[in-house]
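K.L.:
Show me how the following folds:
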Amino acid sequence: MIEVRGLTKRYGDKVAVSDLSFGIEPGRVTGFLGPNGAGKTTTMRLILGLDYADAGTVIVDGRQYRDLAYPMREVGALLDAKAVHGGRSAYNHLLCLAQTNNLPTSRVGEVLDLVGLSEVARKRSKGFSLGMSQRLGIAATMLGDPHVLMFDEPVNGLDPEGILWIRNLMKALAAEGRTVFVSSHLMSEMENTADHLIVIGRGKLIADCTMAEFIARSSGAAVRVRTPSSDQLLLAVAAKGGTATVDGDGSLLVRGMPADMVGDIAFEQGIRLHELSIMRASLEEAYMEVTADSVEYHAEARTGAAPIGSGV
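P.N.:
Numbers count the residues shown, from 1 in each chain. This next block holds a predicted model:
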């Protein structure tokens, strides 16, 4: 488990992380989302002790990362796939890491097989594509067979087969009871992978909830309900913190709670339902909505501009 409490980090006048608190639990894939400049990579670096916090603490399985005798046996992390000496082969890169953490040499071959790099194990990493470098980084992450794993943009450069592979790998690792923490800007992939979400903006926590709860909060997400007791259900939903509006066909559109909760409320109130269906928003829609005020870098929309090289 990773516990972040009151974490703050400044770079000069820039506050990268501001009083940030959350927990990453084992047994599930936790996605880490936020706009560019939100503080995601800084937070990951603080967890690993690569930067020092101005305030707050980070505890990994009950201890600070710097107190781990053999850190790769307990925490595996991929922050920069290209952070490899280009003159070393994939095998020698992993061998050096294994020796620094008192890991058996046999483990190098095992992780190379795991990520599909056995055939290029003796080739220098400077000739690797981004996708191959990602696989090598993932191999290094898995080298110590750690209980806690952190990935920053792990699908960058991977082909469709590779994306499916890393998705299934992260799910399998979580199913084994490990702590899996992954940051990505690919909303569609995150929606297929993560069980829980941590969302930050401008260094502050925006959301800490399950994927289903996060999407349910979106204005585009709703539960359509048809019932002969619309007024009664409307009041019952409001009492539980949700909102309900009457659609054009007389059905209710319930927002702010998942369908199973709406069904439970109806059951508790003895309300007969003729329809209970989900109008699902995408993770991208929900994310864009909640982070709208936290985007630091806005690109100007191109509308009606003359094409480059037109001479206009």
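K.L.:
low-confidence ranges in the stretch 101-250 of the chain?
P.N.:
219-220 (pLDDT under 70).
K.L.:
Show me the helices in it, by range?
P.N.:
Ranges of helices in the stretch 101-250 of the chain, per DSSP state H, counting those that start in this stretch, are 106-115, 130-142, 160-175, 187-193, 211-216, 230-239.
K.L.:
what comes up buried for the third one?
P.N.:
Looking back up the chat, that one is helix 160-175. Neighbour counts over helix 160-175 (16 or more other CB atoms under 10 Å) mark Gly162, Ile163, Trp165, Ile166, Arg167, Leu169, Met170, Lys171, Leu173, Ala174 as buried. Where you see a C-beta, it was placed from the backbone N, CA and C, and this is true even at glycine.
K.L.:
Return the member of those residues nearest to Thr30.
P.N.:
Of all the buried residues of helix 160-175, Thr30 sits closest to Ala174, with 8.7 Å by CB to CB.
K.L.:
residue contacts, that closest one?
P.N.:
Contact analysis of Ala174 by CB atoms under 8 Å, 6 or more residues apart in numbering lists Pro26, Gly27, Arg28, Val29, Val180, Asp195.
K.L.:
can we see that at 10 Å?
P.N.:
By CB atoms under 10 Å, 6 or more residues apart in numbering, the residues touching Ala174 are 25-30, 149, 180, 182, 193-196.
K.L.:
got a winner among those residues for most neighbours?
P.N.:
Neighbour counts for the contacts of Ala174 (other CB atoms under 10 Å) peak at Val180, which has 28 neighbours.
K.L.:
That residue contacts Met150, correct?
P.N.:
Yes - the pair Val180 / Met150 is scored as a contact, 8.2 Å apart, by CB atoms under 10 Å.
K.L.:
And the helices of the stretch 101-250 of the chain: which comes nearest Gly6?
P.N.:
helix 211-216 (23.3 Å).
K.L.:
residues touching the nearest residue to Leu130 once chain neighbours are set aside, list them.
P.N.:
Counting by CB to CB, 6 or more residues apart in numbering, Leu130 lies nearest to Gly157, which is 3.0 Å off, once chain neighbours are set aside. By CB under 10 Å, 6+ apart, Gly157 lies in contact with Ala81, Lys82, Phe128, Ser129, Leu130, Gly131, Met132, Ser133, Gln134, Arg135, Ile163.
K.L.:
measure Gly157 to Lys82 for me?
P.N.:
Counting by CB to CB, to the nearest Å, the separation of Gly157 from Lys82 is 10 Å.
K.L.:
which neighbours do the two share?
P.N.:
Counting by CB under 10 Å, 6+ apart, the contacts common to Gly157 and Lys82 are Phe128, Leu130, Ser133, Gln134.
K.L.:
How about the third one: what's its closest non-neighbour residue?
P.N.:
If I follow you right, that is Ser133. Sequence neighbours aside, Ala81 is the residue nearest to Ser133 in space, at 4.3 Å (criterion: CB to CB, 6+ apart).
K.L.:
next one: the first one
P.N.:
Here the nearest residue to Phe128 in space, its sequence neighbours aside, is Leu136; by CB to CB, 6+ apart that works out to 6.7 Å.
K.L.:
follow-up on the earlier one: dump the shared contacts of Gly157 and Lys82 to a markdown table, plus distance to Pro228 and neighbour count.
P.N.:
Listed next are the shared contacts of Gly157 and Lys82 as a markdown table, based on distance: CB to CB, whole Å; neighbours: other CB atoms under 10 Å:
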| residue | distance to Pro228 | neighbour count |
| --- | --- | --- |
| Phe128 | 64 | 21 |
| Leu130 | 58 | 12 |
| Ser133 | 61 | 20 |
| Gln134 | 56 | 24 |
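K.L.:
Now distance to Leu205 too, for those residues, in a markdown table please.
P.N.:
Putting these into a markdown table (distance: CB to CB, whole Å) gives the following:
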| residue | distance to Leu205 |
| --- | --- |
| Phe128 | 36 |
| Leu130 | 31 |
| Ser133 | 32 |
| Gln134 | 28 |
